[in-house]
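**Student:** Pasting a predicted model and its sequence here:
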Amino acid sequence: TPCHCCPRQNMLQAPIRVYEDARKRAAQGLKERLPHGIAEEAPTRAGYHAAASGVATPQLPRALLFSGAGHEAANGTYQASSSSRCDVPVYHHMERPGYLVQRDQQKNPRTGKVKHGWLLAGPDGQALYGVPTESMVVPDTAWRSFQGEEPAPCIRTCQVLSEAFFIRADAEQVAAEEAAKAEDWAAASAHCTEGLDQLGRSGERFGEGFEARAVKLLWGRSRANCSLRDYR
């Protein structure tokens, strides 16, 4: 039972209900009041969407999270754009213009057979990393280094954009906890601040996933700043 004497709790109840209602409406294919990052297409079955032709096509992720690449600038979040190549969206780096992930094709001059793959290209057009595959969906394994430094990146695909920022916020939370164990309070505070920044960029403001992460990061930063005697 909600506590009517607690203004914060009462204030949050309505937005959270609206948010959950919007998720249900999105799952039913209703476009009105969709939360940030949820696609408008009505799903047909798990992992598939209905194309205009009526043929089920793979559900494409809205965001990609690259990490661990030897070419450090290639790491980060890539968002699906309105431009396309080989019948699928091109993904652009959200922080470093010029880095993109796209589907590519090569034709054998002798046989005429066309083969496909996915490439991560840099601002100068160099193919840094890639994976040969006929999949229309970006694979999360088997990537190899081309002109990019080893190691090849690790990839996470995200069906909604906010998921990518939640993953990055969770990584900062883990790093902050490790720094706190070592009593490196400056690093712990910095990791918590970066995690909060990632949450802020997610586009979400309510819901259990957002609030639970925000509370942990705020508490961690307060603890670190108190240990540093930084009470701002």
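**Tutor:** Structure's in. What do you need?
**Student:** Give the lowest-confidence helix or strand of this protein, using mean pLDDT as the measure.
**Tutor:** The helix or strand of the chain with the lowest confidence, counting by mean pLDDT, DSSP states H and E, is strand 43-45 at a mean of 35.
**Student:** My assumption is that Val174 lies in a strand; please confirm.
**Tutor:** No. Counting by DSSP: H, G, I helix; E, B strand; the rest coil, one finds Val174 to be helix, located in no strand.
**Student:** What separation is there between it and Phe166?
**Tutor:** Distance of Val174 to Phe166, computed by Cβ to Cβ, to the nearest Å: 13 Å. Every C-beta, even on glycine, is put in place using the N, C-alpha and C of the backbone.
**Student:** cool, Arg205 as well?
**Tutor:** To Phe166, Arg205 is 13 Å away according to Cβ to Cβ.
**Student:** More neighbours: which of the two?
**Tutor:** Remark: of Arg205 and Phe166, Phe166 carries more neighbours, 20 against 14, as counted by other Cβ atoms under 10 Å.
**Student:** Now do the strands in the protein.
**Tutor:** Ranges of strands in the chain, per DSSP state E, are 43-45, 48-50, 56-58, 63-67, 76-85, 88-93, 100-107, 114-121, 127-132, 144-145, 154-158.
**Student:** Could you provide those strands in JSON lines, with additional columns for mean neighbour count and distance to Asp197?
**Tutor:** Formatted as JSON lines, those follow (neighbours: other Cβ atoms under 10 Å; distance: least, Cβ to Cβ, whole Å):
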{"stretch": "strand 43-45", "mean neighbour count": "13", "distance to Asp197": "32"}
{"stretch": "strand 48-50", "mean neighbour count": "14", "distance to Asp197": "32"}
{"stretch": "strand 56-58", "mean neighbour count": "14", "distance to Asp197": "32"}
{"stretch": "strand 63-67", "mean neighbour count": "21", "distance to Asp197": "16"}
{"stretch": "strand 76-85", "mean neighbour count": "16", "distance to Asp197": "12"}
{"stretch": "strand 88-93", "mean neighbour count": "20", "distance to Asp197": "17"}
{"stretch": "strand 100-107", "mean neighbour count": "16", "distance to Asp197": "23"}
{"stretch": "strand 114-121", "mean neighbour count": "19", "distance to Asp197": "24"}
{"stretch": "strand 127-132", "mean neighbour count": "19", "distance to Asp197": "26"}
{"stretch": "strand 144-145", "mean neighbour count": "14", "distance to Asp197": "30"}
{"stretch": "strand 154-158", "mean neighbour count": "18", "distance to Asp197": "18"}
